[in-house]
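In: Let me see the structure of the following:
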Amino acid sequence: MYYRKETNKIDEVCLLAGKIMLQSGAETYRVEDTMMRMARSFGGNDPQCYVTPTGIIFSLHGAEKTKLLRITKRTTNLNKVIIVNNISRSISKGNISAEEAYKTLRQIEEGNPEYPMFITIASASIASGFSLIMFNGGWNDFLSSFIIGGAGFTCLIYLDRLLNIKFFAEFLASLLIGLMSYFFIHIGVGHDLSNIIISSVMPLVPGLLITNAVRDLMAGHLVSGLSKGAEASLTAFAISSGIAIVFSLF
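Out: Have a look, this model is predicted:
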């Protein structure tokens, strides 16, 4: 009875660690590797793990008592990925028990170790402004790109929470960016329309998703790599569609 209880706790620890990492933007191969290392450190006999962007299949002892965990929401929070990696290293060194690891992981899952909203939006604005300079834009358009990029990213955040419809928030955010860019040009605040639009949409571009897709493909995870690549392509299509509609209107 004690063995079964301990086995269930190890299963829960590995699955929870994989869930947090996958929901926080970690690569598929990294999630599998972390779960396998944790299982072996706890004495798992032939652990098996199969991870896709939408689910985790895990067994601590081969095909015995295989468990499935569904993943429905994915964001980008690399801080959580780093914390789980540190817990995995502590487990490998024998510095933490399964019970302690589970409690810590639950705190990470329920907590929200993110930057405040105003810092996130300010970072998007700064990235947009200096992206314009990187694209050989003029300093006279820096303020326009700064404001529009921040407004577009704010729109993305709140619409994603409100609508919870994949790709639609990106589409509306890019549509707002296009409309604001034309407005700033019309009132004389902005000067180079193309550079303002390109730099303002940079915070919306799924750069991490594209990187993870390539890394998963290189690691041999073809299903995950192709699915993430398709998601990144559709996100890019939604962004470009919003800008294209603005160009067609004006």
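In: okay, CA-based contacts and neighbour counts for the rest of this
Out: Fine.
In: Buried residues in the longest helix along the chain, which are they?
Out: The longest helix of the chain (DSSP state H) is helix 222-249. Across helix 222-249, burial judged by 16 or more other C-alpha atoms under 10 Å covers 223-225, 228-229, 231-232, 235-236, 238-243, 246.
In: Closest to R37 out of the residues you listed?
Out: S224 (20.3 Å; C-alpha to C-alpha).
In: list the contacts for the closest residue to T72 other than its chain neighbours?
Out: Closest residue to T72 apart from its sequence neighbours, by C-alpha to C-alpha, 6 or more residues apart in numbering: T54 at 6.2 Å. The contact partners of T54, by C-alpha atoms under 8 Å, 6 or more residues apart in numbering, come to R70, I71, T72.
In: what about S144, how many residues close to it?
Out: 25 (other C-alpha atoms under 10 Å).
In: Excluding chain neighbours, what is closest to A127?
Out: In space, A127 is closest to P203, 7.1 Å off (C-alpha to C-alpha, 6+ apart).
In: can you give me the helices for this protein?
Out: 2-23, 28-41, 78-92, 98-110, 117-134, 142-163, 168-186, 193-200, 207-218, 222-249.
In: Can you flag the weakest of those by average pLDDT?
Out: Among those, helix 2-23 has the lowest mean pLDDT, at a mean of 78.
In: what residues does that one touch?
Out: Contacts of helix 2-23 (C-alpha under 8 Å, 6+ apart): 28, 31-32, 34-35, 38-39, 42, 53, 56, 58-60, 69, 71, 73-76, 80-81, 84, 98-99, 101-102, 105-106, 109.
In: Can you say which of the residues you listed are buried?
Out: 28, 31-32, 34-35, 38-39, 42, 53, 56, 58-60, 74, 80-81, 84, 98, 101-102, 105, 109.
In: Tell me the spacing between P47 and R40.
Out: 7 Å (C-alpha to C-alpha, to the nearest Å).
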